[in-house]
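Colleague: Give me the fold of what follows.
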Amino acid sequence: MGVGEIIADLFIIFAVAKLVGEVFQRWRQPPVIGELLAGVVIGPYGLGWIGQPGEALVQLFHEPALAQESLQLVYHVVAELGAIFLLFFVGLETRLSELLHVGPRAVGVAVGGVVLPFLLGAGLMLALGHPTLEAAFVGTALVATSVGITARVLSDLGYLHTVEARLILGAAVLDDILGMVALAIVSGVGTTGQVAPWQVATTAGLAIAFTLFAALVGTRAVRRFSIHLERLHLENAPFVVAVMVCLGLAALADMIGLAAIIGAFLAGLAFAEAREQYALEREALPVYQLLVPMFFVITGASVDWRVFLDGSLIGLALIVTALAVLGKVVGCGLGAWGLAPRSMAIVGIGMAPRGEVGLIVASLGQSLGAIPPAVFSLVVVMSVLTTLLVPPLLPLLFRGYQAPVAPAAGMGATRDAASVAPAVPQDAHLPDL
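Modeller: Sure, this is the predicted structure:
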């Protein structure tokens, strides 16, 4: 049966993720690097261990193309679940009060990280003679931030309670809203040739209302009613309810145009108020260990490394990648003005990965006929390189650094980053996979 082939693929993905995680941990490198690279190696563009439907799947769907599409859909669902639980877990280690403490600065980080990359990307394409709409799509792809990569590295390193981490997480939520508005504008132009102000305003309003409702009302609801969860007859009722809310907010976020992981993060943020009472991190850890490594291996497997061999493309792609990193480092770094220079660099680098978000923007532009295949490949290279650059750079920036820690009850303003204790018990802390 075709189901057996899919289960075999998931076994390979999980086993390889754990093996390379062990190797990279022994090398004192973030395991996420190994998981991404392993996906590239074993994926359909590499050794072909995964990502290619076998005979049973082809017979089941009668057409190889349909079998391939169905297999990729399964991969996408598994990877999306991994990303959702990653950000849910991160949210559990984050309190709303800590995000609000860095709120004004996070707004500056988000705005700077949207405006400057857009201007650099669109400006370069216009200077090279590309059409305005094409340039706008490239600029919008540079606006995107895939915070899942950064969140995983910060979790593995135990730095989620630093001010830099709080700034990155808070700015990422705002960045997603601003990026969605930018995408609505350029896609509207690409579809109808004009901007629909009311549609853009409605989209932005829904995103802002959803974020505020989930963060503020959700947090207060958990504070008030979480004590009653023990009265339910469900086994592990608090965790079951938390997962229901996580998946529900993730689905709602996706429906209004935000990334599903934003909804998952907001769910975790709300249930952070009850994390010690019910040890939710400990309950969620097995799910995290299963799904999150799969997300990164599948992400790596989607990379077609052959685009890097196109000599006519790679030079311009490297320039666009450099501008993408520079735009976030400078734009977000300036938004974090007032922190130490290295803290500003950490925030900028942490906001740099584009990952799957950049690919979504490029795919939309291609589907509308706004960007040609060469420019699509350009954005693919940029998204891959910015994703691979961040995991090794963040540990280097944090090494030996006195990192400011977000104020909390009974916590001083600063302490050594190396001594920052995770919110979860030691034996339940996010593992170096």
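
Colleague: correct me, but residue 130 touches residue 375?
Modeller: Yes. With contacts counted by C-beta atoms under 8 Å, residue 130 reaches residue 375, the gap being 7.4 Å. For every residue, glycine as well, the C-beta is placed using N, CA and C.

Colleague: Neighbour count: these two, which is higher?
Modeller: Neighbour comparison, residue 130 and residue 375: the larger count goes to residue 375, with 23 against 18 (by other C-beta atoms under 10 Å).

Colleague: Is it correct that the more buried one is in contact with residue 139?
Modeller: No. Using C-beta under 8 Å as the test, residue 375 is too far from residue 139 to be in contact (11.8 Å).

Colleague: what sits in contact with each of residue 130 and residue 375?
Modeller: Common contact partners of residue 130 and residue 375 (C-beta atoms under 8 Å, 6 or more residues apart in numbering): residue 138.

Colleague: which residue packs closest to residue 214, ignoring adjacent ones?
Modeller: For residue 214, ignoring the flanking residues on the chain, the nearest one in space by C-beta to C-beta, 6 or more residues apart in numbering is residue 266 at 3.9 Å.

Colleague: Helix or strand: which one has the one you found?
Modeller: For residue 266, the host element (DSSP states H and E) is helix 260-271.

Colleague: which parts of the lowest-mean-pLDDT helix or strand in the chain are buried?
Modeller: Ranked by mean pLDDT, DSSP states H and E, the helix or strand of the chain with the weakest confidence is helix 275-278, at a mean of 72. Using 16 or more other C-beta atoms under 10 Å as the test for burial, helix 275-278 gives 275, 278.

Colleague: between the helix or strand that it is followed by and helix 260-271, how many degrees?
Modeller: As assigned by DSSP H and E, the chain's next helix or strand after helix 275-278 is helix 280-301. Put simply, helix 280-301 runs at 170 degrees to helix 260-271, going by axes from the mean of the first three to the mean of the last three C-alpha atoms, to 10 degrees.

Colleague: Any idea how far helix 280-301 is from the middle of the chain?
Modeller: Put simply, helix 280-301 sits 13 Å off its chain's centre (C-alpha atoms, centre = their mean, to the nearest Å).

Colleague: now stretch 173-188
Modeller: Distance, stretch centre to chain centre, for stretch 173-188: 16 Å (C-alpha atoms, centre = their mean).

Colleague: With stretch 20-29 instead?
Modeller: Centroid displacement of stretch 20-29 relative to its chain, using C-alpha atoms, centre = their mean, is 22 Å.

Colleague: Need the phi and psi values for residue 236.
Modeller: phi 50, psi 50 (degrees, to the nearest 10).

Colleague: gap between it and residue 82?
Modeller: 21 Å (C-beta to C-beta, to the nearest Å).

Colleague: out of these two, which sits in the more crowded spot?
Modeller: Each of residue 236 and residue 82 has its neighbours counted (other C-beta under 10 Å); residue 82 has more, 25 against 14.

Colleague: ok, the nearest residue to residue 35 once chain neighbours are set aside - contacts?
Modeller: Of all residues not flanking residue 35 in the chain, residue 296 sits nearest, at 3.8 Å (C-beta to C-beta, 6+ apart). Each residue near residue 296 by C-beta under 8 Å, 6+ apart is listed here: 17, 32, 35-36, 39, 82, 152.

Colleague: who wins for neighbours among those?
Modeller: Compared across the contacts of residue 296, residue 32 has the highest neighbour count, 32 neighbours, by other C-beta under 10 Å.

Colleague: Show me what the helix or strand where it lies is packed up against.
Modeller: Assigned by DSSP H and E, residue 32 belongs to helix 31-42. Helices and strands touching helix 31-42, by 3 or more C-beta pairs under 8 Å, 6 or more residues apart in numbering; DSSP states H and E, are helix 2-26, helix 147-157, helix 280-301, helix 373-398.

Colleague: per-residue pLDDT, the nearest residue to residue 24 once chain neighbours are set aside?
Modeller: Nearest residue to residue 24 in three dimensions, chain neighbours excluded: residue 34, at 3.8 Å (C-beta to C-beta, 6+ apart). Listed pLDDT for residue 34 reads 92.

Colleague: And residue 34, how far from residue 290?
Modeller: Applying C-beta to C-beta, the value for residue 34 to residue 290 is 17 Å.
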